[in-house]
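# whatever this is, show me its structure:
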Amino acid sequence: MKNIEIEIRIILEDDKIINEWLKTKAVKRGYKFQHDIYFEPIDKPFVIIDKNGFKDADEWLRIRIDKETGELCYKKWHRDKITNASLFADEIEIKIDNIENTLILLKYLGYRQISEIKKHRESWAFDYFLIEKDYIENLGTFYELEFKGEIDNPKEGNNIIINFLKNIGINDWKIIDRGYPWMQWNENWKNSLK
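Now for the predicted structure:
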């Protein structure tokens with residue numbers, strides 16, 4: 001499915017098992033530092049206060065700076081109507097070669113900055129999965145697992161990822177179904193995890 005992203009983000013009590021598994025079973029794809037800047041339109045804000053009193057957003061417009069290159073990305077999440085859990089996201093990415101002018105353009109078009117994330121990311125591949133270990137400055141260490149295979153029903157993608165985690169012996173995770181800016185905006189974000 002084109003422009004569909006199926007992934008989950010987790011936090012672990014102890015990450016020894018997954019780190020050992022990554023070293024012995026997965027193929028290391030590399031390390032990178034990413035600087036993400038998030039925006040919303042001034043006249044149609046993406047950020048809302050949810051029913052639990054948390055700042056949240058189901059849409060992002062982000063510039064990702066990776067060394068000297070950049071990428072403009074728009075995401076819109078689709079959630080389960082009953083549980084509100086994230087199922088998948090529509091994702092449109094565009095390479096940009098002039099970050100400074102893109103920032104100026106967004107300002108002229110009426111966008112304002114709402115978050116800034118600095119991420120140290122290690123990536124591995126295994127079968128139909130991309131596994132990324134993120135250290136986020138001022139937030140901690142997290143793992144993102146993305147299913148890269150073909151699937152007819154995106155709702156099944158999360159189950160495939162969860163079964164994958166269980167098969168490699170990971171049982172102590174908590175799913176974070178919001179983005180890093182959400183954690184940044186809400187100091188008590190850990191209290192909402194199940």
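
# show me the contacts for the residue nearest to Gly169 when sequence neighbours are not counted.
Here the nearest residue to Gly169 in space, its sequence neighbours aside, is Ile17; by CB to CB, 6 or more residues apart in numbering that works out to 5.2 Å. For every residue, glycine as well, the C-beta is placed using N, CA and C. Contacts for Ile17 were tallied using CB atoms under 8 Å, 6 or more residues apart in numbering; they are 168-170.

# I'd assumed Ile17 was in a strand, is it?
No. With DSSP: H, G, I helix; E, B strand; the rest coil as the criterion, Ile17 is helix rather than part of a strand.

# would you mind measuring from it to Ile175?
Going from Ile17 to Ile175 by CB to CB, to the nearest Å gives 17 Å.

# also Lys133?
As for Lys133, its distance to Ile175 is 16 Å (criterion: CB to CB).

# now swap in Lys166 and tell me
Lys166 sits 13 Å away from Ile175, going by CB to CB.

# more neighbours: the two, which one.
Ile175 (17 against 11; other CB atoms under 10 Å).

# neighbours of Thr69, just the number please.
11.

# list the contacts of it.
Contacts of Thr69 by CB under 8 Å, 6+ apart are 95-97.

# TSV please, covering those residues and showing secondary structure and distance to Leu109.
Compiled in TSV, those are given as follows (DSSP: H, G, I helix; E, B strand; the rest coil; distance: CB to CB, whole Å):
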residue	secondary structure	distance to Leu109
Lys95	strand	19
Ile96	strand	14
Asp97	coil	19
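
# now, among these, which is nearest to Leu106?
Using CB to CB, Ile96 comes nearest to Leu106 of the contacts of Thr69, at 10.8 Å.

# the residue lying closest to the closest one once chain neighbours are set aside and Ile114, how far apart?
Nearest in space to Ile96, with sequence neighbours left out and distances taken as CB to CB, 6+ apart, is Gly70 at 4.3 Å. Separation of Gly70 from Ile114 (CB to CB): 18 Å.

# out of the contacts of Ile17, who has the most neighbours?
Tallying neighbours with other CB under 10 Å puts Ile170 at the head of the contacts of Ile17, with 19 neighbours.

# phi first, then psi, for it.
Backbone torsions for Ile170, taken as degrees, to the nearest 10, come to phi -90, psi 120.
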